[in-house]
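Undergrad: structure of the sequence below:
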Amino acid sequence: MDFTFTEDQLLFCESVKEFLQGEVTAESIRASWDTDTGRNSELWTQMVELGLTGMLVPEAYGGLGMNELDFILLAQECGRYALPEPLVETVLVATPLLASLADTDARCASLLEKIVSGEVMIAVGHAANNLVSDAHVADYLLLPKGDQVHLVPKDQVELIAEKSVDPSRRLFTVKWEGNDETCLASGAEGVALLAATLNRGALGAAAQMVGLAEQMVAMSVQYTTDRLQFGKPIGVNQALKHHMANCAVKTEFAKAPLYRAAYTVVQNPAHADFAVSHAKVVAGEAALLAAKNSIQSFGAMGYTWECDLHIWMKRSWALDKFWGHAGFHKNRLHQWLLNPNAKIGAEMTFGEQA
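TA: Down below sits the predicted model:
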């Protein structure tokens with residue numbers, strides 16, 4: 001079996017990485033904090049023109065017809081550059097939810113085409129999240145109500161802005177009243193759609209946290225190489241080396257569960273719960289450890305507002321709690337591990353043996 005990414009996937013990721021590297025910097029992120037929306041419409045237009053918003057939209061609706069496994073490396077890069085724009089949730093959460101209903105609901109089909117062209121933006125709410133992110137720039141909101149999924153125009157909701165530990169995140173309490181016209185799905189179908197939405201949201205958060213962890217390690221290595229003490233870089237000290245080595249190992253070991261989760265969401269979504277929860281837990285641990293050890297590596301400088309490290313650190317803190325906190329996902333893992341029919345063990349690595 002070949003578990004590596006294809007050459008096309010790697011080349012696409014590299015091109016997006018170069019784009020983000022040139023367009024998303026600590027300076028541009030800080031500048032966005034002082035704007036009304038906190039978002040860069042020109043940057044979003046560029047991402048639309050690159051086809052990023054339509055990656056998971058079926059070709060029948062103008063998209064690229066790709067899947068979560070094709071996007072997972074890109075989501076990781078969005079974390080590496082702490083992208084404020086809601087690209088990951090648009091691609092991994094909103095468009096698959098609409099696509100699953102597009103064949104039977106003309107509204108969803110129309111919105112998919114408009115997402116591809118950049119005419120509309122969609123925000124997604126879920127019971128796992130107390131607040132809805134980027135609702136202020138959305139034209140429509142996908143919101144849960146019991147076992148129902150509703151598509152609500154922005155003019156039918158009341159938004160109450162809430163503060164986040166991460167200045168780049170814009171979070172809102174949404175007050176709304178659903179009706180038969182706004183309801184897209186209910187009953188068993190609605191429950192299934194909401195469950196899939198949770199898994200995709202958690203998968204996107206995990207991918208970003210792996211990228212965040214890698215970037216914090218890179219920033220700390222660069223700082224401890226440049227920072228001199230008694231004529232030598234402080235990075236030569238074993239204590240700092242061990243701090244960063246622990247982070248690097250944790251992050252590297254989080255990648256396999258992350259990619260396995262993306263594969264499972266695509267190939268076997270009925271069994272995606274445990275795979276996604278595994279990825280979310282280990283990615284969160286990697287990001288939080290990188291944040292903790294990076295602060296220590298930077299010393300007193302790491303605690304200041306002027307130090308760019310806090311941009312990545314606070315994003316890690318926020319995403320670790322979004323789309324299910326660690327306790328929630330560990331509980332899902334425990335339920336799976338305690339299942340007497342769980343196919344675990346070395347003999348199950350490549351499927352059940354006769």
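Undergrad: what's the burial count for residue 64?
TA: Neighbours of residue 64 under the rule other Cβ atoms under 10 Å: 18. For the C-beta atoms, the positions are set from N, CA and C on the backbone; glycine is no exception.
Undergrad: against residue 328, how distant is it?
TA: 32 Å (Cβ to Cβ, to the nearest Å).
Undergrad: please apply the same query to residue 312.
TA: 24 Å.
Undergrad: quick one: low-confidence parts of the protein?
TA: Applying pLDDT under 70 to the chain flags residues 1-2, 226, 228, 234-236, 346, 348-354.
Undergrad: tell me which of residue 312 and residue 328 has more neighbours.
TA: Set side by side, residue 312 and residue 328 show more neighbours around residue 312, with 27 against 16, by other Cβ under 10 Å.
Undergrad: next structured bit after the host helix or strand of residue 48?
TA: Using DSSP states H and E, residue 48 sits within helix 41-49. Tracing the chain past helix 41-49, the next element assigned as helix or strand by DSSP H and E is helix 68-80.
Undergrad: what lies in contact with that following helix?
TA: Contact with helix 68-80 is made by 5, 9-10, 12-13, 16-17, 20, 52, 55-56, 87-88, 91-92, 96, 200, 203-204, 207-212, 214-215, 258-259, 262-263, 265-266, 315, 319, as judged by Cβ atoms under 8 Å, 6 or more residues apart in numbering.
Undergrad: helix or strand right after that helix?
TA: Later in the chain than helix 68-80, the nearest helix or strand by DSSP H and E is helix 87-89.
Undergrad: CA atoms only: put the helix or strand that that following helix is followed by into PDB for me.
TA: Later in the chain than helix 87-89, the nearest helix or strand by DSSP H and E is helix 95-99. Only the C-alpha atoms of helix 95-99 are listed here, as PDB (Å, rounded to 0.1, in the frame of the first residue of the first chain):
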ATOM      1  CA  THR A  95     -19.300  23.300   1.000                       C
ATOM      2  CA  PRO A  96     -19.500  19.500   1.900                       C
ATOM      3  CA  LEU A  97     -22.700  20.200   3.900                       C
ATOM      4  CA  LEU A  98     -24.300  22.100   1.000                       C
ATOM      5  CA  ALA A  99     -23.000  19.500  -1.500                       C
END
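Undergrad: and helix 95-99, what does it pack against?
TA: Here helix 95-99 touches helix 106-117, strand 122-124, helix 187-226, going by 3 or more Cβ pairs under 8 Å, 6 or more residues apart in numbering; DSSP states H and E.
Undergrad: let me see the contact set for the residue nearest to residue 48 when sequence neighbours are not counted.
TA: The shortest distance from residue 48 to any non-neighbouring residue, by Cβ to Cβ, 6 or more residues apart in numbering, is to residue 118 (3.5 Å). Shown in contact with residue 118 (Cβ under 8 Å, 6+ apart): 44-45, 48-49, 53.
Undergrad: let's go with 7 Å and repeat that
TA: The contact partners of residue 118, by Cβ atoms under 7 Å, 6 or more residues apart in numbering, come to 45, 48, 53.
Undergrad: possible to save the helices and strands packed on helix 95-99 as TSV with mean neighbour count and distance to residue 75?
TA: Output for the helices and strands packed on helix 95-99, formatted as TSV (neighbours: other Cβ atoms under 10 Å; distance: least, Cβ to Cβ, whole Å):
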stretch	mean neighbour count	distance to residue 75
helix 106-117	18	17
strand 122-124	26	15
helix 187-226	23	4
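Undergrad: any chance of these in TSV, plus distance to residue 34?
TA: Formatted as TSV, the helices and strands packed on helix 95-99 follow (distance: least, Cβ to Cβ, whole Å):
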stretch	distance to residue 34
helix 106-117	28
strand 122-124	22
helix 187-226	23
